[in-house]
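Trainee: Structural data only, the sequence is not supplied:
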């Protein structure tokens, strides 16, 4: 790994075409205070603008993903999270959770991903979860609301009935249940979440990127569109992908035999 940037609360590294953003407040179970929220926002903004990277991984240091907002700092009147009115791409209490990126993010989850930490994980495109890790809306016990889009994303991921269960009770969700209901995409052995997240990120990075990103964009943006507009939007983005040259290059690879009998060569970003 090559270190790209670092602060005491956030570490950023690059490996291949993957950006790894590591929450580094283990003494607070990687809880996010005001400064960390700003650092996360800036880090993901820079990732999205960087043409040399395709996928980001969000992880936490020393066996914990994120315990949510730093309530100790809030109680002490210290560096509290930014709570303000704002729409798409504005700074959120946990930092980047209102951002709409053009590239995917994978959450690498060890230990606890709870309260605002769970909302950070929900913001990511995919979640790789250690088999002893835990989700939970633990902030339910302390009168702390979900204002990092947890009430929007959770029912979209797992359905309203299951989401209502977790939001009303604040109960703990283990990795097996998380995978069963669609919260976790991959389950891995304890201590291997980041390694497996890197494998997944490399797989995604090998695909032709214009087409992959446009398909991802169509899926994410259709929620705000009626059916006719969503159909037109998908078609528009599909044509952009086809006109990029990736489709014809892929068709030529297919015609030359790639994919026959389920065999695929290692792809590249040019299709």
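Mentor: Arrived safely, thanks for sending. All values derive from a computational prediction rather than experimental measurement.
Trainee: quick one, helices of the chain?
Mentor: Using DSSP state H, the helices of the chain run over 34-49, 71-75, 116-123, 150-158, 160-169, 175-181, 193-205, 209-221, 227-243, 246-255.
Trainee: Point out where this protein drops to low pLDDT.
Mentor: Low-confidence segments of the chain, defined by pLDDT under 70: 1-6, 261-271.
Trainee: Which residues are in contact with the residue sitting nearest the centre point of the chain?
Mentor: Centrality entry for the chain: nearest residue to the mean C-alpha point is residue 124, 1.6 Å, by Cα atoms, centre = their mean. Residues counted as contacts of residue 124 (Cβ atoms under 8 Å, 6 or more residues apart in numbering) are 58, 105-107. All C-beta atoms are positioned from the backbone trio N, CA, C, and that covers glycine.
Trainee: cool, and residue 179?
Mentor: 129, 185-187.
Trainee: among the residues you listed, who's most crowded?
Mentor: residue 129 (29 neighbours; other Cβ atoms under 10 Å).
Trainee: Now the residue nearest to that residue when sequence neighbours are not counted, what are its backbone angles?
Mentor: Distances taken as Cβ to Cβ, 6 or more residues apart in numbering place residue 184 nearest to residue 129, at 4.0 Å, with adjacent residues excluded. Backbone geometry at residue 184, expressed as degrees, to the nearest 10, gives phi -110, psi 140.
Trainee: And residue 79, by the same measure?
Mentor: phi -80, psi 80.
Trainee: isn't it right next to residue 31, touching?
Mentor: No. Residue 79 is beyond contact range of residue 31, at 11.3 Å (criterion: Cβ atoms under 8 Å).
Trainee: Tell me the residues that contact both of the two, please.
Mentor: Listed contacts common to residue 79 and residue 31 are residue 70; contacts here mean Cβ under 8 Å, 6+ apart.
Trainee: what about these two, which has more around it?
Mentor: residue 31 (26 against 14).
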